[in-house]
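Chemist: let me see the structure of the following:
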Amino acid sequence: MKTIAKVLAGLALSALAFYLFFRNLDFGKVASSLADASLPLLFASIVIGYFGHLSLRARRWGTMLEPLKRRVSFYNLFSTTAIGYAISWLTPGRIGEVVRPVLLARREGIPVAGVLATAAIERVLDAVAILALAAAAALSAPLWWRVEGRSLPVTFPWFGRTELVDAISWMGLAGLIGCAAGLFLLRTLVMEDSRFLRSVNRRRAAAGRFTRLWEVVRHLAEGASFLRSPRRALRVGAESILIWVVIGFGSWIGLLAARVRIPFPGTFLLVALSAIGISVPTPGGAGTVHIAYQRGLIDLFGIEPNLASAATFLYHPVTVYIPPIVFGLFFAWRDGLSPSKLRAMRGGTEVNPPGGDHDAV
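Modeler: Residues are numbered from 1 along each chain as shown. Next up is the predicted model:
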C-alpha cells in the first residue's frame, strides 16, 4: 500500500512539473527547434555522456573496491552499473542502487555489505563533486555569467536579497564543506586502529543477540576502507571530479546540438539543478528534471523559452534517460537476468545469475 502511495505521489509531482514545463509554450517553435538539432553533435553527446561517464564511474568503483578485492572485472563493474541505472530509471524507490552492488558482490565473491557501503559512499562523492564544480562555476561567474546571462535576484529568509548565482556559490561552498567534513569523519572511523572499529570488533567477538548486526557494521566499514590510503582516497576524489566534468561536457555538447550557446562553466550550474530535479521522488526524474533544466536555461542564461524547452527535451529523455534504459536492459538480457531474479536480489534471496564469470578488463 505504501509503495502504491509513493508511486501516485511521484506521478502527481511529475504531472505538476510537466504542467509548469509546458505552459505558455509554442509547440510549433519547439518542434522547429528539435528539427533543427544537429544529429552528429547529439550522437557525440550520448557517447560522451553515457559511455564516457559510465566507464569512468566503473573505474572509480573498482578503485574503491581495491581493499576488498585487488582486481575486479571491468565488464562486471560496467555492466552492473548499467543494469542498476536502468532499474532505477524504470522503477520507484531507486532499487537499482541496491541491485547493482548485490549483483557485483555475487559475481565477484565480495561481501555484500562492503560493496553496498561503497555504493552508498559513491552518492556522497557525487554530491561533493557536483557541489565543488557548481561552486567553482558560480564563484567564477563574474568572469562569464553577467555577460552571457542576466541579473536574477532572490530573497532568502534571514539573509535578505541577493543574486541567485551568488547564492548558489555560497550554498555550494557550504554543502562542499559539510560533505568534506563527513568524509573526513568517516575516514577517522574506518582507520584500522580507530576506537570505533575496536569497539565493533569487541562486540563481534562477544556472542550475543546483535553479533550479526556488528558483522554487518564491520563489513560496511571495510567498504569504506579505501579512505585509509591517502593516495587511493585522492585518486577516488580525482576520478569523481572527472566523472562530473565528463557529464558536464556531454551536456554542453547536447546544448550545442540544440543550437544553444552558453559558457562551458555554466553547464555545471545546470547539472546541479538537474541533480536536484532527479533527487525529487518522481519516476525517472520525469517533469522535475525538465522544469529545473528549462528554468535554468531561461532564468540564468536568457535562452528563449521554446528553444530552452527543445534543448531540455534533448537532454531528458533523449540523452540521459533512453540510452541508460536501452543499454542497461541489453546487459540484463545478455547476463540472463530476469525480473524475478532481480526482485529476488532486492529481497536478499540467493541468486547466481549467468554471466558471473566475465573477466574482461
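Chemist: quick one: L186 and F226 touch, right?
Modeler: No. Contact between L186 and F226 fails when scored by Cβ atoms under 8 Å: they sit 10.8 Å apart. The way it works is simple: take the backbone N, C-alpha and C, and place the C-beta from them, glycine included.
Chemist: so for the two, which residue has more residues nearby?
Modeler: F226 (21 against 15; other Cβ atoms under 10 Å).
Chemist: next up, phi/psi of that one, please.
Modeler: Backbone geometry at F226, expressed as degrees, to the nearest 10, gives phi -60, psi -20.
Chemist: and R203, how many residues sit next to it?
Modeler: Neighbour number of R203 under other Cβ under 10 Å is 16.
Chemist: using PDB, list the CA coordinates for whichever strand or helix holds it.
Modeler: Using DSSP states H and E, the element containing R203 is helix 195-205. In PDB, the C-alpha atoms belonging to helix 195-205 read as follows (Å, rounded to 0.1, in the frame of the first residue of the first chain):
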ATOM      1  CA  ARG A 195      38.300   3.400  18.700                       C
ATOM      2  CA  PHE A 196      35.100   2.800  16.700                       C
ATOM      3  CA  LEU A 197      36.400  -0.300  15.000                       C
ATOM      4  CA  ARG A 198      37.900  -1.700  18.200                       C
ATOM      5  CA  SER A 199      34.500  -1.300  19.800                       C
ATOM      6  CA  VAL A 200      32.900  -3.100  16.800                       C
ATOM      7  CA  ASN A 201      35.400  -6.000  17.000                       C
ATOM      8  CA  ARG A 202      34.800  -6.400  20.700                       C
ATOM      9  CA  ARG A 203      31.000  -6.700  20.100                       C
ATOM     10  CA  ARG A 204      31.500  -9.100  17.300                       C
ATOM     11  CA  ALA A 205      33.700 -11.300  19.500                       C
END
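Chemist: how about it: buried residues?
Modeler: The neighbour-count check on helix 195-205 (16 or more other Cβ atoms under 10 Å) flags L197, V200, R203, R204 as buried.
Chemist: name the element G178 belongs to?
Modeler: helix 164-190.
Chemist: now do that helix against helix 195-205, angle only.
Modeler: Put simply, helix 164-190 runs at 50 degrees to helix 195-205, going by axes from the mean of the first three to the mean of the last three Cα atoms, to 10 degrees.
Chemist: how far off centre is helix 164-190?
Modeler: Centroid separation for helix 164-190 versus its chain: 17 Å, with Cα atoms, centre = their mean, to the nearest Å.
Chemist: do the same with stretch 52-60
Modeler: Between the centre of stretch 52-60 and the centre of its chain there are 12 Å (Cα atoms, centre = their mean).
Chemist: mind exporting the C-alpha coordinates of it to PDB?
Modeler: Backbone C-alpha positions of stretch 52-60 (Å, rounded to 0.1, in the frame of the first residue of the first chain) are rendered in PDB as follows:
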ATOM      1  CA  GLY A  52      32.400   8.000 -21.200                       C
ATOM      2  CA  HIS A  53      30.800   8.800 -17.900                       C
ATOM      3  CA  LEU A  54      29.800   5.100 -17.200                       C
ATOM      4  CA  SER A  55      33.300   3.900 -18.000                       C
ATOM      5  CA  LEU A  56      34.800   6.400 -15.500                       C
ATOM      6  CA  ARG A  57      32.200   5.500 -12.900                       C
ATOM      7  CA  ALA A  58      33.100   1.800 -13.300                       C
ATOM      8  CA  ARG A  59      36.800   2.600 -12.900                       C
ATOM      9  CA  ARG A  60      36.200   4.700  -9.700                       C
END
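Chemist: what's next to it, contact-wise?
Modeler: For stretch 52-60, the external contacting residues (Cβ atoms under 8 Å, 6 or more residues apart in numbering) are 74, 77-78, 81-82, 85, 122, 125, 236, 239-240, 242-243, 246-247, 250.
Chemist: avg pLDDT for it?
Modeler: Mean pLDDT, computed over stretch 52-60, is 97.
Chemist: buried stuff in the strand or helix carrying G328?
Modeler: Per DSSP H and E, G328 falls inside helix 322-334. By neighbour count on 16+ other Cβ under 10 Å, the buried set for helix 322-334 is P323, P324, I325, F327, G328, L329, F331, A332.
Chemist: swap in stretch 126-145?
Modeler: Within stretch 126-145, judged by 16+ other Cβ under 10 Å, the buried ones are 126-139, 141, 145.
Chemist: rewinding a little: so what touches the helix holding G328?
Modeler: With Cβ under 8 Å, 6+ apart as the test, helix 322-334 has contacts from 46, 50, 79, 82-87, 89-90, 342, 355.
Chemist: just to revisit the earlier point, can you name the next helix or strand after the helix holding R203?
Modeler: Counting by DSSP H and E, what follows helix 195-205 is helix 211-223.
Chemist: first vs last residue of stretch 189-196, how far apart are they?
Modeler: One end of stretch 189-196 to the other measures 6 Å (Cα to Cα, to the nearest Å).
Chemist: chain center to that stretch, what's the gap?
Modeler: The answer for stretch 189-196 is 29 Å, by Cα atoms, centre = their mean.
Chemist: for the helix holding G178, name the packing helices and strands.
Modeler: helix 112-139, strand 153-156, helix 195-205, helix 211-223, helix 266-279 (3 or more Cβ pairs under 8 Å, 6 or more residues apart in numbering; DSSP states H and E).
Chemist: that'll do, ta.
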